[in-house]
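Visitor: what's the 3D shape of this:
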Amino acid sequence: MHNVLVNEYSWKLGEIAKLPRVDRVLKEGDTKQYEQFITSRYLCIREATDYQQGILLRVLGKAYPDEVKVISGEPFCHDDHVDMFAGHCYFSYPFPKSNRVKEVLDILRQSPELLQTLEDAKMQINPNSMFWVSETARNAFFLKIPQVYDSRTDQLLPASKDTLYYRISIVYFFKGELIW
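Guide: Numbering: from 1, shown residues only. Here you go, the predicted structure:
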């Protein structure tokens, strides 16, 4: 979990949050560096209260399994990159844990208005679908492989080779902090 202290971040339900870009290093090497980041347009799907964190959601679209790698034990997708003097730095939105995906989907299923607001913001999502998550499994060669959460069966599954799965980014906010 990564906390960023900022001036009063507080959004109302259905409001678009424009977040500053925040990065954290996942893996450093001689010629390649991998970082996770958050930035830009998220939709507030739950307001913060004195006792509960608010939730921001960004729908990133869909990705095939060959677009997702495991870097330092974490699923990683090349969402952005920067050419450096002696190599490259690659960036990925962090993949959420399955319990956070479930929480977000429960909120969306109970609120057709939020689903419409997401659609209006060009972030279409089907809450009864399958989603990339941060949990990994091991294959026959003991290598970590990314998994998907099937919201219809409430199960974690290995990704099928030729299937597109939703990617979402979730950021919590509470008392002036962003938590991701």
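
Visitor: What residues of the longest helix seen in the chain count as buried?
Guide: The single longest helix within the chain, with elements called by DSSP state H, is helix 98-109. Using 16 or more other CB atoms under 10 Å as the test for burial, helix 98-109 gives 98, 100-105, 107-108. The C-beta positions use only the backbone N, C-alpha and C, and glycine is treated the same way.

Visitor: and the helix or strand that that helix is followed by, what's its mean pLDDT?
Guide: Going down the chain from helix 98-109, the next helix or strand is helix 112-120, by DSSP states H and E. Helix 112-120 carries an average pLDDT of 95.

Visitor: Repeat that for stretch 51-60.
Guide: Stretch 51-60 comes out at a mean pLDDT of 97.

Visitor: That stretch: how far from the chain's middle?
Guide: Stretch 51-60 sits 10 Å away from the centroid of its parent chain (CA atoms, centre = their mean, to the nearest Å).

Visitor: Name the residues of that stretch that come out as buried.
Guide: By neighbour count with 16+ other CB under 10 Å, stretch 51-60 contains the buried residues 54-60.

Visitor: low-scoring pLDDT stretches of the chain, where are they?
Guide: Applying pLDDT under 70 to the chain flags residues 1-8.

Visitor: how about a cut-off of 80?
Guide: For the chain, applying pLDDT under 80 flags the ranges 1-8, 139-142.

Visitor: was I right about Tyr172 contacting Ile55?
Guide: Yes: with contact defined as CB atoms under 8 Å, Tyr172 counts as touching Ile55 (5.9 Å).

Visitor: Just the closest of the buried residues of stretch 51-60 to Trp180, please.
Guide: Closest approach between the buried residues of stretch 51-60 and Trp180, by CB to CB: Leu56, at 9.0 Å.

Visitor: give me every residue that touches the closest one.
Guide: Leu56 makes contact with 11, 17, 19, 42-45, 170-173 under the criterion CB atoms under 8 Å, 6 or more residues apart in numbering.

Visitor: any chance of those residues in a markdown table, plus distance to Ser129?
Guide: Converted to a markdown table, those look like this (distance: CB to CB, whole Å):
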| residue | distance to Ser129 |
| --- | --- |
| Trp11 | 25 |
| Ala17 | 24 |
| Leu19 | 25 |
| Tyr42 | 19 |
| Leu43 | 17 |
| Cys44 | 22 |
| Ile45 | 17 |
| Ile170 | 16 |
| Val171 | 21 |
| Tyr172 | 22 |
| Phe173 | 26 |
